[in-house]
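J.: Output the structure for:
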Amino acid sequence: MQMSRRYEQELSAGCQYEPLPSLPETEHHLPNLVGGESYEWAAIDNLDTFFARIYRYWHDKGLVTILIGRLLNLTALAFTIIFSGFLLLAVNWQALHDDCLLPHEPHKSCDLLAVAIHKHPWEAHSKALVGLVGLYLVLCGVYWVWSAVQLVCEMRDVLDVKHFINNKLGISDRQIRMMTWSELLHRLVLVQGTTRLCAVRDLDELDIVGRIMRKENYLIGMLNSGVLALYVRGCSPVLGRRFMLTKTLEWNLYLCILDPVFDEHFHIRQEFLLDEGRLRKRLVAAAAVNLVLSPFLLMFLVIYFFMKHAERFYHSPGSLGSRRWSSLARWRLRELNELPHYVQHRLDASYEAAVKYVGQFPSPLASQIAKFVSFIAGSFAALLLGLSLLDENLLEVPLGGRNVVWWLALTGVLLTISRSFINDTPVAFDPERAMAELVLHTHYLPRHWRGRAHTAEVQQAVNSMFTYKVLLFLEELASVVLTPFILAYSLPRCAGRLAASGFSCITRFYAYLVLDPFLSLVVSYLRLQFVFESTFLKAQWY
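T.: Numbers count the residues shown, from 1 in each chain. Below is the predicted model of the structure:
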């Protein structure tokens, strides 16, 4: 009882948490983490990869969780490939429609296995279709084998990380599930008192996070500098120069730019800056590969989306009207050296504020259309429910080629979707306050947004970043087709010399880099230094 009272008094007094006994904040030497081990030389060749593996090990909460999660993902991938092949070849869709879906004599049963399944699927379709589906299954199978091999190789590295965390840091897998990243990071700094990790000097927290986020910081810097043309040229009337950064395009940026840009010392390769023709050829080659694979990738994404979201849509059709941050918005809102779990927490916390700001500008036209659809669908639903109350057998009576149950389900879906677009909640119009609440979480307020939160320009910008989930999925599908054109036309022109300035986009981004003696090249925003330029003092980030 006394302890609980003392605990309440400390909380009411606003006292801070006391540091853990194993993490002394005042001592600069390493505590006896494991049992008095002597100083060891364990310099690691690739510290970027090593620290990134430690972060993933912490983020995924230990070996068992990582192993089970990877195996389940591999199993889900295999199931998706097999099930998609079954849907494309084994199902007789025409017989299913003619014998089971169309109205027939009452009380006539339909055996799905006997009617809708091809006994010889390879002979029931044309050779062209069988060849395309076969090629699709072969490509998916190769990807599955590659993922399995990658899993085996990854497990070897995960075991090395587990050994380091358990024996060097003194943290068990049970403890790591409840440990924060800051505590683990502090252990990494302290362990250098007995074990040398870097051959040059001991690394602090900023150095470790900077190595984990090296490539991500480059991508954030390039997006903030506006040097990537992530849109399709020549399609402005159709697409309106809409910038996009989907998962497909992000993978290609890593493959073509971020992965090959560094040498073994984490310096930018000189040929990458000087030989722009090689960069263009790499982008065009990636575009050709994407163009060849785009039909199969598009097919896989549609089937995967159906399998993943069909049940959710069936039970919650209104989820089509929900919003989330786009992939491009996540990168633009992400701060330098901000690890994924931090940005995810920040964007999750900003959801209510973003919905509140978007709700400041309801669409009268969409609301009126949604009310009309809701009224019509609700009227039919009420009529059908009333008839079913008179006689439950009416639910199986054909109506316009479908039974009453099917029409009830359709009207229910239309009701739920239309009501998600109706905003009857009174809203106090104060966009500046709503924007201020949003900025508290996003930390994103461009200069031309300030004092203009009520304008259509800012509203459209926020809507493009915080948009409907169904539109994001359609954008992901569209990017499968558009990514080859972005890689073949937009980005190669960006890599070339600009006629007006004489500098390429990549070379222009090189001006934002600085050589750190211990971290090699880093984005210059990571350091702050005051320099004299002309006749005034200018602050620069280093």
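
J.: so where do the helices sit in the stretch 1-150 of the chain?
T.: For the stretch 1-150 of the chain, the helices defined by DSSP state H, counting those that start in this stretch cover 2-12, 47-59, 63-85, 93-95, 112-115, 121-124, 127-163.

J.: Any chance of those helices in a markdown table with distance to residue 484, mean neighbour count and mean pLDDT as columns?
T.: Placement of C-beta: from N, CA and C, glycine included. Output for the helices of the stretch 1-150 of the chain, formatted as a markdown table (distance: least, Cβ to Cβ, whole Å; neighbours: other Cβ atoms under 10 Å; pLDDT from 0 to 100):
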| stretch | distance to residue 484 | mean neighbour count | mean pLDDT |
| --- | --- | --- | --- |
| helix 2-12 | 58 | 9 | 45 |
| helix 47-59 | 30 | 19 | 92 |
| helix 63-85 | 23 | 15 | 92 |
| helix 93-95 | 30 | 12 | 74 |
| helix 112-115 | 40 | 10 | 67 |
| helix 121-124 | 31 | 12 | 74 |
| helix 127-163 | 17 | 14 | 91 |
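
J.: So for residue 286, which of the ones you listed sits nearest?
T.: Residue 286 sits nearest to helix 127-163 of all these, at 16.5 Å, using Cβ to Cβ.

J.: Do I have it right that residue 140 meets residue 299?
T.: No: in this structure, residue 140 is not within contact of residue 299 by Cβ atoms under 8 Å, at 9.6 Å.

J.: still on that earlier bit, now the helices of the stretch 1-150 of the chain in JSON lines, with distance to residue 407?
T.: Below are the helices of the stretch 1-150 of the chain laid out as JSON lines (distance: least, Cβ to Cβ, whole Å):
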{"stretch": "helix 2-12", "distance to residue 407": "58"}
{"stretch": "helix 47-59", "distance to residue 407": "48"}
{"stretch": "helix 63-85", "distance to residue 407": "29"}
{"stretch": "helix 93-95", "distance to residue 407": "22"}
{"stretch": "helix 112-115", "distance to residue 407": "22"}
{"stretch": "helix 121-124", "distance to residue 407": "33"}
{"stretch": "helix 127-163", "distance to residue 407": "34"}
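
J.: For residue 352, find the nearest of those.
T.: Of the helices of the stretch 1-150 of the chain, nearest to residue 352 by Cβ to Cβ is helix 47-59, at 25.0 Å.

J.: roughly how far is that closest one from the heart of the chain?
T.: Relative to its chain's centre, helix 47-59 lies at 19 Å (Cα atoms, centre = their mean, to the nearest Å).

J.: and that helix, what does it pack onto?
T.: Applying 3 or more Cβ pairs under 8 Å, 6 or more residues apart in numbering; DSSP states H and E, one finds that helix 47-59 contacts helix 63-85, helix 127-163, helix 181-190, helix 205-212.

J.: quick one on the thing from earlier: what touches both of residue 140 and residue 299?
T.: Common neighbours of residue 140 and residue 299, using Cβ atoms under 8 Å, 6 or more residues apart in numbering, are residue 84.

J.: where are the low-confidence patches of the stretch 251-400 of the chain?
T.: Confidence mapping of the stretch 251-400 of the chain against pLDDT under 70 gives the ranges 273-274, 311-321, 391-392, 394-396, 398, 400.

J.: Show the residue spans covered by the strands in it.
T.: 323-325, 398-399 (DSSP state E, counting those that start in this stretch).
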